[in-house]
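Undergrad: I'll drop the sequence and a predicted model, then ask my questions.
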Amino acid sequence: MPLRFNFCPHCSEKILFEIEMKDINSSQYPAPVYILCKLCNKLSTFYVDSFLRVSFIELDKKPGGIKTIKTQ
């Protein structure tokens, strides 16, 4: 289970989250996954590639994601 870090697009704080292949729709790349920041309690859409690396981020919930992951 890879541990990823990034920054919340809402509060700009560093966030950590764990992601697995089962958390994404592998028929679509970049694949959207919803990340819920525990610091500001806001949801954003992170897009990941086939190596589960974040490609880009949207501030709101976009269609296509299959799971919401809470930050640590």
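TA: Cool, got the structure. Numbers count the residues shown, from 1 in each chain.
Undergrad: helices of this structure, residue ranges please.
TA: Remark: no helices are assigned in the chain by DSSP state H.
Undergrad: let me know the outermost residue of it.
TA: Within the chain, Ser27 marks the point farthest from the mean C-alpha position, 16.8 Å out by CA atoms, centre = their mean.
Undergrad: these two touch, right, Ile57 and Ser44?
TA: Yes: at 5.9 Å, Ile57 and Ser44 qualify as touching, with contact defined as CB atoms under 8 Å. All C-beta spots, glycine's among them, are computed from the backbone N, C-alpha and C.
Undergrad: identify the contacts common to these two.
TA: In the contact map built from CB atoms under 8 Å, 6 or more residues apart in numbering, the residues linked to both Ile57 and Ser44 are Pro9.
Undergrad: what about the two, which has more around it?
TA: Just comparing Ile57 and Ser44: by other CB atoms under 10 Å the higher neighbour count belongs to Ser44, 21 against 14.
Undergrad: relative to Leu59, how far out is the more buried one?
TA: To Leu59, Ser44 is 6 Å away according to CB to CB, to the nearest Å.
Undergrad: got it, and Lys14?
TA: Between Lys14 and Leu59 the computed distance is 17 Å (CB to CB).
Undergrad: one more: Leu43?
TA: In terms of CB to CB, Leu43 sits 9 Å off from Leu59.
Undergrad: neighbour count winner among these two?
TA: Here Leu43 and Leu59 are compared on neighbour count by other CB under 10 Å; more neighbours surround Leu43, at 15 against 11.
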